[in-house]
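[1] fold the following, please.
(4 chains)
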There are 2 protein chains.
Amino acid sequence: MGITKSEHFTDKQNELATLAKAIGHPARIAIIEHLIKVNSCMCGDIVNELPLAQPTVSQHLKELKNAGLIKGNFEGNAICYCLNEEGFNKIKDFFQHINTYLENKKNQCC
Amino acid sequence: MGITKSEHFTDKQNELATLAKAIGHPARIAIIEHLIKVNSCMCGDIVNELPLAQPTVSQHLKELKNAGLIKGNFEGNAICYCLNEEGFNKIKDFFQHINTYLENKKNQCC
DNA sequence: TATTTATATTGCAATATTACGATATATATG
DNA sequence: CATATATATCGTAATATTGCAATATAAATA
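    Predicted structure coming up:
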């Protein structure tokens, strides 16, 4: 059906899924990596950096913004984007939990 | 178009996107969390744990397996699933990179 | 205010994902 | 081998995502 039954899962699970899903596209990975590289930049720079049309990039930026992974400020008539710490902090705990588990695990069946 | 132009991105970017996408569903988050909680378990336990039909769960398990995030072994006539360290290690570096950046960043526009 | 520049939104076609009933397959055991 | 149990696959409907051309909007400046 293409419709996720999110009402059956916890808020935390849905939130993590939303964050991971937002990261789950190569164009959005590329945007995140570019923002790390240059610290912050104009939206137009990202459009030039990616092999996608401007409306497509705008859409990807919107998804990252909605997920809380980036934020943008008007700077003149352009918009300056950069990473949003809040969003990444939410995922951090999840992966730390997993890593701690993986480092200490024993007696697995596989 | 619903078709990701993966040929325009690096292998690394596509790989990370695939991993994040696999995590990007609450049912698959629930599966990962359950496997951490019980260390390893029969496929049937996961089916009982989730509010989804058996074929749907089977499909989610397949996606996690294809992404390299879980693995399964036959144990009698059932299958024992557990986390696959390899997959999670690939994401780990990405997030560590981001976290290191976020902890040291300065002079952002936003 | 008119123009330019930068970004967002709309509308739509192509493709992907989610979900599940029905069914197939694989293993264990009688 | 027949049956039971566990899991996977198939087929299909509903919905979501991706991508872009066309267009709208917002801010700066002439």
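[2] now do the contacts for the most centrally placed residue in chain A.
    Central residue of chain A (Cα atoms, centre = their mean): A:I23, 3.9 Å from the mean position. Contact analysis of A:I23 by Cβ atoms under 8 Å, 6 or more residues apart in numbering or on different chains lists A:29, A:32, A:69, B:16-17, B:20, B:24. Just so you know, the C-beta spots here come from the backbone N, C-alpha and C atoms, and that holds for glycine as well.
[3] determine which two of the residues you listed are furthest apart.
    Pairwise distances across the contacts of A:I23 (Cβ to Cβ) peak at 14.6 Å, for the pair A:I32 and B:G24.
[4] just the residues contacting the longest helix seen in chain A, thanks.
    In chain A, taking DSSP state H as the definition, the longest helix is helix A:85-104. Applying Cβ under 8 Å, 6+ apart, the contact partners of helix A:85-104 are A:15-16, A:19-20, A:67-70, B:32, B:36, B:83, B:85, B:88, B:91-92, B:95, B:98-99, B:102.
[5] rounded mean pLDDT for that helix, please.
    In this model, helix A:85-104 has an average pLDDT of 96.
[6] run the angle between that helix and helix B:85-104 for me.
    Helix A:85-104 runs at 140 degrees relative to helix B:85-104, counting by axes from the mean of the first three to the mean of the last three Cα atoms, to 10 degrees.
[7] ok, A:H34 touching A:C41?
    Yes - counting by Cβ atoms under 8 Å, A:C41 is a contact partner of A:H34 at 7.1 Å.
[8] which one of those two has more residues nearby?
    Remark: of A:H34 and A:C41, A:C41 carries more neighbours, 20 against 15, as counted by other Cβ atoms under 10 Å in any protein chain shown.
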